[in-house]
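I would like to see how this sequence folds:
(one chain, ligands or ions: 1)
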Amino acid sequence: MKKLKIAFITPEAVPFAKTGGLADISGILPGIISKAGLSVKLFLPMYRQVLEKYQNLERVKKDIKIEISDKTYLADILFLHDEATGLDIYFIANKEFFDRPELYRDNKSGKDYKDNLNRFLFFSEAILKTLKELDWAPDIIHANDWQTALVPSFLKTKYKDDLFFRKTASIFTIHNMAYQGQFPAEEYGNIGLNKGYFAPEAYFEFWGRVNLMKAAICLADIITTVSPTYAEEIQTSEEYGMGLEGTLRTRSKDLYGILNGVDYESWSPSSDKLITAPYTIKNISGKKKNKQTLIKAAGLPYKKKQPLIGMISRLDGQKGFDLLEEIMEQILDLDLQFILLGTGSKKYHDYFANLAKKYPESFKPFLEFDNRLAHLIEAGSDMFLMPSRYEPCGLNQMYSLKYGTVPIVRKTGGLADTIVDFDEKTLSGTGFVFEEYDSTKLFQTIKRARKLFDKKQVWSKLVKQGMSQDFSWESSAQKYLKMYQMAQDRL
Ligand code: ADP
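As a prediction, this is how the structure comes out:
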C-alpha cells in the first residue's frame, strides 16, 4: 500500500494550545498515525502562548500573501519536527490575528473576538497555500471543527479545478455541534466565494447567517464525529444536531462515529508525574495519599469515611450545571465532599463561589484552569461526576476509570459508549448511569453511588472493573486509517 500523506489541521493541540478535548485528540492522533507509517503534517495557528514557549522555531516560509476583502495579509510559516513520532508541525503566524491573550475570545468581556471569521479564513487559506509552497499535495486533509471547516469547503469550490489538489480528499471531524462558526451574513463576502453558495440548499447559509460547519458537512468527502452514539444522536433531533440535523441526515452514508482514545502515557496512575503517589490496579493504596493531598490543597478537613466527588469541566450549560444547581445543596448534605475544577460562565463562577461559603467543610470550587490539579482530582477522588446534557465523547470519564474513580454519568454520546451501569445483583458494570435529563434522576443516582461506597468489598470490585478497561488510541487510530483509505477511494 502506498504511504498516504495526511495534512491534519486543527485550531488547538496539546502541548501547544488547549481549551477542550479537541486539543487532547489533536495532540495524540497525528503522532500515532505518523508512527503507524503515514506521512503526517500537523497545522496550527501560531498563538501568543505558543510563540512565548517556542521562540527558536525555523521559519520555513515568509510573507505568503492572503487576500481577504481587498486587503492583503501576510503569513509566515514556522516549523517544528517531533523526533518521537516523526511528525512535522507547521505553525501559521500572523501577529494581527494570533498574537492575542486567548484563542477565540476576550476573557474579560467573555465575548468572541469580532474578527474570528477572518482569523480562521486566513488560517485555512494559509494552509492551502503553504501546501503548495511546500509542493506537498496531501492525499487527505483531515480538518477539525468550524475553525478549519473552510478547507474541505474550498477544495470543492474555489480549488475544485486546481490540479495540485486533484488527488486530495477531505475528512471533517465534528467535536461538538454547539460550535458551528456562525457569522453575520455581511461577512460572507470576506470568504471570496460566489454568492450562489450562500443559499439554504447550497452550503453556507443557515437561517440568514453564515455557517461554516454546515458547508463542511455538505462538502467534505467523509464526516466523522467522536463517538458512535453522538453520530446517531446528532441526526435525530434539534437538541443534539443544533439545527444541522437535517443537513447531517443528507450525509448519513458518509457520517461515522469513532470514539476518541485516551493518551495513557499522560493519564495513568502508575506513571503520572503530576500526582502525589502512583498506584496500580494490584496495589491501590497510593490513591489514599492523593486524596489526602487533594483535600489539603482544597482546605477541606480530611474525613476518612466520606467519599469525595470530583468534577472537572467547562462551566457551560452543556455539562449539566442547571441540573446540579437544583440539587447541589441536597448532594452536599449526603455525608460526602465535593471538589470542582472549572472555568466558564460567570453565572456559575458566582454560584459556586457563594455555595462554598455555605459549605466550607464539604465543598471546594477551583475556578481556574489547572492541568496539574486536574490530574490530582482524577487520582484523589472516589467518584467523578459528568451529568452532561450532551457529550460528543468526553474524556474525563475514561480517565476516571483508569484512576479507579467511579464515574457517575448521564447516558448520552460518548458517556453512553464508555460507561456501563453497575448492577448490584450481577456485580457487573463500571459506573453509575442515569438516562433522563432530570435533577431527581441525577440525585437518585448519586445517592445510589453514595450508598454503595460504604460496601467496601463491592466498591473495590467496581473500582477494579473500571481500572481494567482499555480505551487506548490504537483501535481508534485504526478506524481513522480506514476512513483515510475510504475517503481516497471516493475521489
Ligand atoms: P470538552 O472538550 O467538551 O471541554 P472533554 O471531556 O472532551 O470536554 O475534554 C475536556 C478536557 O479539558 C479534559 O482533558 C479535561 O481534563 C480538561 N479540562 C477542562 N476544564 C479544565 C480545567 N479547568 N483545568 C484543567 N483541565 C480542564
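
Contact partners for Phe172?
Phe172 makes contact with Ala143, Asn144, Ala149, Pro152, Ala216, Ile217, Ala220, Ile222, Ile223, Thr224 under the criterion CB atoms under 8 Å, 6 or more residues apart in numbering. Bear in mind the C-beta positions are built from the backbone N, C-alpha and C, glycine included.

how near is it to the ligand?
Summarising the geometry, the distance separating Phe172 from the ligand, computed by CB to the nearest ligand atom, to the nearest Å, is 17 Å.

Kindly indicate whether that residue is helix, strand or coil.
strand (DSSP: H, G, I helix; E, B strand; the rest coil).

beta partners of it?
Under DSSP bridges, the beta-bridge partners of Phe172 are Ala143, Ile223.

cool, Leu255 as well?
For Leu255, the beta-bridge assignment (DSSP bridges) gives partners Ile223.

Now do it: how many residues are near it, please.
Applying other CB atoms under 10 Å, we find 21 residues neighbouring Leu255.

gap between whichever residue of the stretch 51-200 of the chain sits closest to the ligand and Ser388?
Closest contact between the stretch 51-200 of the chain and the ligand, by CB to the nearest ligand atom, is at Asn176 (6.1 Å). Between Asn176 and Ser388 the distance is 11 Å, computed by CB to CB, to the nearest Å.

More neighbours: these two, which one.
Under the neighbour definition other CB under 10 Å, Asn176 and Ser388 were set side by side, and Ser388 has more, 25 against 22.

Tell me the residues of the stretch 1-150 of the chain that contact the ligand?
Taking CB under 6 Å from any ligand atom as the criterion, the stretch 1-150 of the chain approaches the ligand at residues Gly20, Gly21, Asp24.

So which of those residues are in strands?
In strands, judged by DSSP state E, none of those are found.

what's the neighbour count on the closest residue to the residue of the stretch 51-200 of the chain closest to the ligand other than its chain neighbours?
Computed as CB to CB, 6 or more residues apart in numbering, the closest residue to Asn176 that is not its neighbour in sequence is Pro392, at 5.2 Å. Applying other CB under 10 Å, we find 29 residues neighbouring Pro392.

just checking, Pro392 is part of a strand?
No. Counting by three-state DSSP, Pro392 is not found in a strand; it is coil.

Identify the residues contacting it.
Taking CB under 8 Å, 6+ apart, we find Pro392 in contact with Gly21, Ile174, His175, Asn176, Met177, Thr225, Val226, Ser227, Tyr230, Gly413, Gly414.

Is the third one in contact with Ile25, as I believe?
Yes. When contacts are counted by CB atoms under 8 Å, His175 is listed as touching Ile25 (7.4 Å).

Redo the contacts of Pro392 as CSV? Include pLDDT.
Putting the contacts of Pro392 into CSV (pLDDT from 0 to 100) gives the following:
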residue, pLDDT
Gly21, 86
Ile174, 98
His175, 97
Asn176, 96
Met177, 98
Thr225, 98
Val226, 98
Ser227, 98
Tyr230, 98
Gly413, 98
Gly414, 98
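
Out of these, which sit inside helices?
Restricting the contacts of Pro392 to those inside helices, with DSSP state H as the criterion, leaves Gly21, Tyr230, Gly413, Gly414.

Which single one of those is nearest to the ligand?
Relative to the ligand, the closest of those is Gly21; by CB to the nearest ligand atom it sits at 2.3 Å.

so how far is Val226 from the closest one?
Distance, Gly21 to Val226, by CB to CB: 8 Å.

any common contacting residues for Asn176 and Ser388?
Applying CB under 8 Å, 6+ apart, one finds that Asn176 and Ser388 are jointly contacted by Gln318.
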